[in-house]
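**Student:** my questions concern the predicted model and sequence given below.
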Amino acid sequence: MNRTRLAALSLAALSCIGGAASAELPQAIQQAGALQASVNAIYPPMEYKDPASGQLTGLDVDLGEALAKRLGVKIVWSESAFEQLMPSLQTGRADLIISGLTDRVSRHEAADFVDYLKTGAQFYVLAGSPAKAESDLCGKRAGTSRSTSFPAEIAAWSKTHCESAGKPAIEVVNAESTVDARSQLRQGRIDAAVQGSETIPYAFANEPNTYRVLGAPFTTGYQGIAVKKGETALRDALADALGGLIADGSYRATLTKYNLQDNAMAEPIINGAMP
């Protein structure tokens, strides 16, 4: 599937988004005055429970609130298990998902995505590791969450950069979560770990001077706001509102708050997953 970039918004159009975008929402949402958003709040800094207050917080929460305000409605959050996020769209329990969800071609049959954040798989090691480059991981053990696409992506990277060069393959170790992978790394059970680049600053800040990245992210992808396939009015209203937040600087300010300015996008993209 080819990705379709949104047409650039004119300055005149941008100037009226705040007042006009709510009129573009589906009638049922306009009448309710609210967007129902589903989230899996275990993915800091995208969405998580604040340890002190227990309140839902994170980049996606801040961005969702800003989008709803620009659209002239409120946003109502409901928490869900990850595997129930996509079904929540199909059953109508949610109008949208904004929950660190990767835009994948395999998900396009059920949903459209308004992509708002760059992401990629990132190798990292302990601060004292002898590894100087990703190629030093050939023949080593790299751990990552089993529920992500990262195990397959590590294997693909290894095939291209290790095995094709006559070096031993990276041994992929499936962990229960990124937290588990970091624990195994600290215990010396693995030599490196992989997680999404958008989660690295938060993880490293919580354990200062413990880890360091190796190279740049070795995959490229996007996280997107998912809406039910066919809900084009909602999709386009969200895209217009996001374009407005990018244009007025509030989008970048939100990313900077979470040290994710390097993951910023220049414009929204609809269904930007690579084939």
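**Tutor:** Happy to help now that I have it. A quick note: this is a predicted structure, and the numbers were derived from the prediction, not measured.
**Student:** so residue 114: helix, strand or coil?
**Tutor:** Put simply, residue 114 is strand when judged by DSSP: H, G, I helix; E, B strand; the rest coil.
**Student:** in the helix or strand containing residue 227, what's buried?
**Tutor:** Assigned by DSSP states H and E, residue 227 falls within strand 221-228. By 16 or more other C-beta atoms under 10 Å, the buried positions in strand 221-228 come out as 221-228. Where you see a C-beta, it was placed from the backbone N, CA and C, and this is true even at glycine.
**Student:** which SSE is immediately downstream of that strand?
**Tutor:** helix 232-248.
**Student:** what packs against that next one?
**Tutor:** Under the contact definition 3 or more C-beta pairs under 8 Å, 6 or more residues apart in numbering; DSSP states H and E, helix 232-248 sits against helix 11-20, helix 59-71, strand 111-119, strand 221-228, helix 250-257.
**Student:** got TSV for these, with mean pLDDT too?
**Tutor:** Output for the helices and strands packed on helix 232-248, formatted as TSV (pLDDT from 0 to 100):
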stretch	mean pLDDT
helix 11-20	38
helix 59-71	98
strand 111-119	97
strand 221-228	97
helix 250-257	98
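**Student:** looking at these, which is nearest to residue 85?
**Tutor:** strand 221-228 (7.8 Å; C-beta to C-beta).
**Student:** okay, the angle between that closest one and strand 111-119?
**Tutor:** 160 degrees (axes from the mean of the first three to the mean of the last three C-alpha atoms, to 10 degrees).
**Student:** ok, and what's touching strand 221-228?
**Tutor:** Outside strand 221-228, the residues that touch it by C-beta atoms under 8 Å, 6 or more residues apart in numbering are 46, 67, 85-86, 89-90, 95-98, 100-103, 107, 110-120, 198, 234-235, 238, 242, 265, 269, 271-274.
**Student:** care to break this structure down by domain?
**Tutor:** 4-119+221-270, 121-213 (automatic domain parsing).
**Student:** show the pLDDT at residue 148.
**Tutor:** Turning to residue 148, the model gives it a pLDDT of 87.
**Student:** what's around it, how many residues?
**Tutor:** 18 (other C-beta atoms under 10 Å).
**Student:** what do you get for residue 236?
**Tutor:** Residue 236: 19 surrounding residues under other C-beta under 10 Å.
**Student:** switch to numbering from 8
**Tutor:** Noted, 8 is the first residue going forward, which turns the last one into residue 243.
**Student:** now it: closest residue in space, sequence neighbours ignored.
**Tutor:** Nearest non-adjacent residue to residue 243, counting by C-beta to C-beta, 6 or more residues apart in numbering: residue 31, 6.6 Å away.
**Student:** that older thread, give me the buried subset of the contacts of strand 228-235.
**Tutor:** 53, 74, 92-93, 96, 102-105, 107-110, 114, 118-127, 205, 241-242, 245, 249, 272, 276, 278-280.
**Student:** buried ones in stretch 162-175?
**Tutor:** Residues of stretch 162-175 classed as buried by neighbour count (16+ other C-beta under 10 Å): 162, 164-165, 168-169.
**Student:** helices - which of these land there?
**Tutor:** If you go by DSSP state H, these have 162, 164-165, 168 in helices.
**Student:** does the residue nearest to residue 243 touch residue 247 like I think?
**Tutor:** Yes. In this structure, residue 31 is within contact of residue 247 by C-beta atoms under 8 Å, at 6.9 Å.
**Student:** more neighbours, those two?
**Tutor:** Between residue 31 and residue 247, residue 247 has the larger neighbour count (other C-beta under 10 Å), namely 23 against 16.
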